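Peer 1: Structural data only, the sequence is not supplied:
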């Protein structure tokens with residue numbers, strides 16, 4: 001079923017809309033969620049939280065919340081957006097290296113499931129703010145496992161040089177602190193090694209590191225009820241039609257085979273990109289086709305303000321001309337209108353012969369697309385539509 005799924009783009013409706021805009025195929029999103037829940041559901045102790053930072057569009061959040069997932073938030077406003085969209089606060093985890101007092105108070109007021117704590121100083125602040133409100137805060141210590149991931153350097157988070165988490169050398173001291181703070185309940189350990197990971201051996205390496213840490217805790221006579229391994233599962237950006245749904249089976253099976261959980265422990269996942277990336281596309285129009293000295297340019301009305309990933313990460317998105325799909329192929333540099341040389345979506349992209357007014361898709365843009373849009377050059381933020389509403 002998933003291998004043959006094809007997103008349908010209503011071209012006639014698109015032609016009547018102002019561009020650029022994001023289009024979300026909610027049927028594909030629901031299929032992705034059903035597949036994820038089926039694969040995770042083989043183990044009753046597997047709990048999945050959607051990483052809201054990937055896409056906080058309210059229409060998508062409502063579908064994900066209705067599927068029963070929890071939420072992984074990295075700011076106070078994300079917590080508020082998640083609750084407003086129907087997520088159960090008892091399923092919300094809150095990470096981030098720079099939680100402000102106001103954000104911590106928001107989380108305490110909502111009585112969220114757990115804080116993923118990233119420093120001793122943060123632990124002490126949470127303790128004080130919780131005590132001031134006669135509450136106890138459940139926390140998991142985010143451990144920096146010094147495990148590399150085969151992904152872009154800017155989205156690797158599990159190395160010792162990264163800003164995230166507490167080093168393994170400091171872990172025992174921070175555990176002692178958490179156990180002795182009066183308004184803190186230490187309930188788990190948290191990990192996250194990076195994003196857009198397709199090599200399952202990276203997750204195996206994480207499992208091995210967690211197993212060693214659990215053995216250290218055993219020697220202390222300490223067993224924590226929750227282990228959170230973060231997210232990181234990638235998608236196929238080059239072939240969105242061939243792989244519309246990620247390989248959740250291989251992902252969850254990796255943890256089943258290699259992670260040695262203790263009796264009664266619950267395993268938490270924070271999955272974002274793998275849930276929403278393939279259901280979203282950025283729709284744009286060709287403003288001009290320009291012949292340069294050695295190449296031709298397809299200049300779109302969408303730019304890096306609408307989808308920054310190619311400029312920021314040199315990320316690849318499949319580009320399609322849906323107005324003229326049967327025309328002979330020609331090579332274009334596909335660029336935006338923003339006054340920056342980095343405003344390029346792709347170089348030497350083979351597209352059907354392209355003309356002013358043609359509609360162009362940038363595929364697999366449902367994660368870290370709309371949510372990262374900016375108003376640079378005083379450009380308006382892109383609108384969004386879903387297959388249920390258009």
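Peer 2: On my side now, so go ahead. Treat the numbers as computed from the prediction; the structure is a model and nothing was measured.
Peer 1: Would you map the helices across this protein?
Peer 2: 11-15, 26-40, 58-66, 76-84, 101-110, 120-132, 171-180, 200-219, 248-258, 273-276, 309-313 (DSSP state H).
Peer 1: what about the closest residue to residue 133 other than its chain neighbours, neighbour count?
Peer 2: Spatial nearest neighbour of residue 133, chain neighbours left out: residue 108 (6.0 Å); criterion: C-beta to C-beta, 6 or more residues apart in numbering. For the C-beta atoms, the positions are set from N, CA and C on the backbone; glycine is no exception. Neighbours of residue 108 under the rule other C-beta atoms under 10 Å: 20.
Peer 1: How about residue 180?
Peer 2: Counted with other C-beta under 10 Å, residue 180 comes out at 10.
Peer 1: can you pull the contacts of the residue nearest to residue 133?
Peer 2: For residue 108, the contacting residues are 129, 130, 133, 135, 137, by C-beta atoms under 8 Å, 6 or more residues apart in numbering.
Peer 1: For residue 82, see how far away it is.
Peer 2: 15 Å (C-beta to C-beta, to the nearest Å).
Peer 1: and what of residue 67?
Peer 2: Applying C-beta to C-beta, the value for residue 67 to residue 82 is 14 Å.
Peer 1: neighbour-wise, which of the two wins?
Peer 2: residue 82 (28 against 17).
Peer 1: hang on, residue 356 packs against residue 287?
Peer 2: Yes: using C-beta atoms under 8 Å, residue 356 is in contact with residue 287, at 6.8 Å.
Peer 1: More neighbours: these two, which one.
Peer 2: Using other C-beta under 10 Å as the criterion, residue 356 and residue 287 rank with residue 287 on top: 16 against 11.
Peer 1: any idea how far that one lies from residue 262?
Peer 2: Residue 287 is 59 Å from residue 262, by C-beta to C-beta.
Peer 1: What of residue 389?
Peer 2: Residue 389 is 46 Å from residue 262, by C-beta to C-beta.
Peer 1: Look at these two and report which has more neighbours.
Peer 2: Neighbours were counted for residue 389 and for residue 262 using other C-beta under 10 Å; residue 262 has more, 12 against 9.
Peer 1: Tell me, how many residues neighbour the closest residue in space to the more buried one that isn't next to it in sequence?
Peer 2: Sequence neighbours aside, residue 223 is the residue nearest to residue 262 in space, at 5.3 Å (criterion: C-beta to C-beta, 6+ apart). Residues lying near residue 223 (other C-beta under 10 Å) number 12.
Peer 1: just residue 291 next, same as before
Peer 2: Neighbourhood size, residue 291 [other C-beta under 10 Å]: 8.
Peer 1: ok, so what distance separates it from residue 280?
Peer 2: Using C-beta to C-beta, residue 291 is found at 32 Å from residue 280.
Peer 1: about what we covered before: quick check: the gap between the residue nearest to residue 133 and residue 131.
Peer 2: Going from residue 108 to residue 131 by C-beta to C-beta gives 10 Å.
Peer 1: One more: residue 94?
Peer 2: Taking C-beta to C-beta, one finds residue 94 at 18 Å from residue 131.
Peer 1: more neighbours, these two?
Peer 2: Between residue 94 and residue 131, counting by other C-beta under 10 Å, residue 94 is the more crowded of the two (29 against 15).
Peer 1: Please identify the residue most distant from the middle of this structure.
Peer 2: Largest separation from the mean C-alpha position in the chain: residue 293, at 39.9 Å (C-alpha atoms, centre = their mean).
Peer 1: gap between it and residue 99?
Peer 2: As for residue 293, its distance to residue 99 is 52 Å (criterion: C-beta to C-beta).
Peer 1: what does residue 188 give?
Peer 2: Taking C-beta to C-beta, one finds residue 188 at 17 Å from residue 99.
Peer 1: With that, I have no additional questions.
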